[in-house]
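> what would the 3D arrangement of this be:
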Amino acid sequence: MGSYSEAFTQASDDREAFWLAAAEAVDWYEPPTTALDDSDAPFYRWFPGATLNTCHNALDRHLADGDEGRTALIWDSAMTGERRHYTYAALLDVVARFAGVLVAQGVSAGDRVVIYMPMIPEAAIAMLACARIGAVHSVVFGGFAARELATRIDDAEPVAVVTASGGLEPGRTVEYLPMVARAIEMAATPPRTVIVKDRPEITGSAADHAGWLDWDRETDAADPVGAVPVAATDPLYILYTSGTTGKPKGVVRDNGGHAVALTWSMKNIYDISAGDVWWTASDVGWVVGHSYIVYAPLFVGATTVMYEGKPVGTPDAGAFWRVIADHGVKALFTAPTAIRAIRKADPEATELAAYDTSSLQTLFAAGERLDPDTFTWASEVLGVPVVDHWWQTETGWAIAANLRGLEPMPIKAGSPTVPVPGYQVGVVDAKGTLLGAGEEGNIVISLPLPPGTLAGLWRDEERYRNSYLSAFDGYYLTGDSGYVDADGYVFVLGRSDDVINVAGHRLSTGSIEAVVASHPAVAECAVIGIRDDLKGQRPSGYVVLKSGVDIESETLRSELVSLVRNEIGAVATFRDVTVVPALPKTRSGKILRKTMRQIADHEDYTVPSTIEDPDVLAALAEQLKG
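As a prediction, the model looks like this:
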């Protein structure tokens, strides 16, 4: 498609031609004749009138091309020592049969299926099986607590839940079935079917729960089913992301735009083609796992690695290098947190010397800001380009990137490089006025967003408008602040709302506050995200006790940590609790969370003119210094 500037200009000036050309890489039942339907703006729809099947594009088409023997999926479990290799033919066979299981249970096109699984092949198989029959999957990260799962069940109203007996962590096992059972009890709209993949390492099975079905038994007996054509504009999946109110937002991804955008991205952003080995070290519970463990690599006929383990501790800081060496990985995509963990455990990279990582050509990072220290360390020890790029659950693929397959550009530490063709990124002030090069403000994207981005929020048009579209007319609000430099490079400085980023996981401070506030000793609280050298950010709680309450600080901290773990999940990594006499507020009653965050991070701050009592803020600053 030519150089970056040519592609970017065409995507901006003639999006019809650009995206219809990109759509030719997708296998359609009814090809698109129009790229964009803007008749119901701002609810844009891509490739109206076209039909396809996402699972067919991931699997069946490669068999038709004679590539049935190519390896599609490698599962590497550092927890069990087990490895499985699935050819495209073998993966298609098990996906088609599990799709048959779903059909036998009455699941049909448009029905929702919640998938609550660890990092095992069956998670990807369940996703692809849903896509095969036109069902809408909603994957919930296995580390979330029962209440969080119940909330998502009530919002999606699934007809089935697909789960496993549990997940494996270093030194412990996590039983899923008790959490699933509690979630279903709490849910107002429980599913009619539960299917369980039993793992021998975990206590408990489907047999322990009346009416629950065993994955292996049902799949072995099932008849395979074919791919069902769906409209390009039909939903493929719902993925929940934290909202500032604490109520999760169900991001909806369509089938057609998703297939086109991800197929285009693999070659142009990541330089990955058929036969290349690609490893995304993430989890299928997050958008990165959806886009780049399961769908995108399979769309282009690559081999995708699914890893069950940690960057350190399974067994050591050489775990990532071992996987690269064992499977001949060409490109690794991970979060900066993982690299920081490896560096912390092995600062001299001595473990790296034990492995031949010569197959690795690029390390891609996303999910949070890649800080310059981590960028420099990884670049030096690996000797390959370390490429940051920026995107969100809502966008589904990169907003800004260094397009390694289209036109590699000089790397600037701290920047994800330039806007990807299809995204017109700008920076505006509080009034919506576009700012110049180097001026910091709110990062926005001109509407319409490109294919593959969110089609809206599940059954909540008003919240979609209010969350993303209403702040600045004609723009999508990313919720991040930053600037664009004179060379067109984007610099993302951080969140501009109260959703924090913990090791690439977006968590609502509002939902954590709700749990902390439920403690009988707590009168008022605020939770902010403060800098963490390993995880990027971590939640820190500030608590005002009820009058007359006498409780030891360590006792309170222990009880609050336990509450958050039970209600939100261990993923929140909540452990910091500070008892304060009062919280700084504006005269209208708004807690000054941004100012508190600046104080906690030892940054310069300005006392807001709207503050109610400056002495409260001064006292907090003095307490935190001490």
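> and the pLDDT at the closest residue to residue 109 other than its chain neighbours?
The spatial neighbour of residue 109 that comes closest, neighbours along the chain excluded (C-beta to C-beta, 6 or more residues apart in numbering), is residue 134 at 3.1 Å. In this view, the C-beta of every residue, glycine as well, is placed from N, C-alpha and C. Among the per-residue scores, residue 134 holds a pLDDT of 98.
> mind listing what residue 134 touches?
Under the criterion of C-beta atoms under 8 Å, 6 or more residues apart in numbering, the contact partners of residue 134 comprise 53, 108, 109, 110, 228, 230, 234.
> tell me which of those is nearest to residue 406?
Of all the contacts of residue 134, residue 53 has the smallest distance to residue 406: 27.9 Å, by C-beta to C-beta.
> what about the nearest residue to that closest one once chain neighbours are set aside, how many residues close to it?
Across the structure, with C-beta to C-beta, 6+ apart as the measure, the residue nearest residue 53 apart from its sequence neighbours is residue 227 (3.9 Å). If you count neighbours by other C-beta atoms under 10 Å, residue 227 ends up with 24.
> you'd agree residue 227 is up against residue 61?
No - applying C-beta atoms under 8 Å as the test, residue 227 and residue 61 come out as separate, 9.7 Å apart.
> doesn't residue 131 lie inside a helix?
Yes - counting by DSSP: H, G, I helix; E, B strand; the rest coil, one finds residue 131 located in a helix.
> kindly state the pLDDT recorded for it?
In this prediction, residue 131 has a pLDDT value of 99.
> ok, it - contacts?
Residues in contact with residue 131, defined by C-beta under 8 Å, 6+ apart, are 53, 54, 55, 58, 137, 236, 255.
> return the subset of these lying in strands.
Here DSSP state E is the test, and these give 137, 236 as lying in strands.
> apart from its neighbours in sequence, what residue is nearest residue 377?
residue 343 (5.4 Å).
> quick one: what helix or strand has that neighbour in it?
Of the helices and strands defined by DSSP states H and E, residue 343 is found in helix 336-345.
> next structured bit after that helix?
Moving toward the C-terminus from helix 336-345, the first helix or strand encountered (DSSP H and E) is strand 362-365.
> point out where the protein drops to low pLDDT.
In the predicted model, the chain carries pLDDT under 70 at residues 1-2, 242-246, 496-499, 506, 508, 586-590, 609-610, 626.
> on that earlier part again, the contacts of residue 131 into TSV, with extra columns for distance to residue 438?
TSV is the format used below for the contacts of residue 131 (distance: C-beta to C-beta, whole Å):
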residue	distance to residue 438
53	47
54	41
55	46
58	43
137	43
236	39
255	40
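> now residue 442: how far from residue 500?
With the distance defined as C-beta to C-beta, to the nearest Å, residue 442 ends up 18 Å from residue 500.
> the more surrounded of those two?
Higher neighbour count among residue 442 and residue 500: residue 500, with 26 against 21, using other C-beta under 10 Å.
> hmm, residue 475 is touching residue 443, no?
No - taking contact to mean C-beta under 8 Å, the distance of 9.6 Å between residue 475 and residue 443 leaves them out of contact.
> all helices of the stretch 501-626 of the chain, in order?
For the stretch 501-626 of the chain, the helices defined by DSSP state H, counting those that start in this stretch cover 509-517, 553-567, 593-600, 614-625.
> got TSV for the ones you listed, with distance to residue 181 and mean neighbour count too?
Putting these into TSV (distance: least, C-beta to C-beta, whole Å; neighbours: other C-beta atoms under 10 Å) gives the following:
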stretch	distance to residue 181	mean neighbour count
helix 509-517	21	22
helix 553-567	15	16
helix 593-600	36	20
helix 614-625	42	15
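> just tell me which of those ends up closest to residue 312.
With respect to residue 312, and counting by C-beta to C-beta, the nearest of the helices of the stretch 501-626 of the chain is helix 553-567 at 21.5 Å.
> now the angle from that closest one to helix 509-517?
Between helix 553-567 and helix 509-517, the angle formed by their directions is 120 degrees, by axes from the mean of the first three to the mean of the last three C-alpha atoms, to 10 degrees.
> and helix 553-567, C-alpha only, in PDB?
Only the C-alpha atoms of helix 553-567 are listed here, as PDB (Å, rounded to 0.1, in the frame of the first residue of the first chain):
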ATOM      1  CA  SER A 553      -4.300   0.600  61.500                       C
ATOM      2  CA  GLU A 554      -2.800  -2.800  60.500                       C
ATOM      3  CA  THR A 555      -6.100  -4.500  61.400                       C
ATOM      4  CA  LEU A 556      -8.100  -2.100  59.200                       C
ATOM      5  CA  ARG A 557      -5.600  -2.400  56.400                       C
ATOM      6  CA  SER A 558      -5.800  -6.200  56.500                       C
ATOM      7  CA  GLU A 559      -9.600  -6.300  56.600                       C
ATOM      8  CA  LEU A 560      -9.800  -3.800  53.700                       C
ATOM      9  CA  VAL A 561      -7.300  -5.700  51.600                       C
ATOM     10  CA  SER A 562      -9.300  -8.900  52.200                       C
ATOM     11  CA  LEU A 563     -12.600  -7.100  51.300                       C
ATOM     12  CA  VAL A 564     -11.200  -5.800  48.000                       C
ATOM     13  CA  ARG A 565      -9.700  -9.100  47.100                       C
ATOM     14  CA  ASN A 566     -13.000 -10.900  47.700                       C
ATOM     15  CA  GLU A 567     -15.200  -8.300  45.900                       C
END
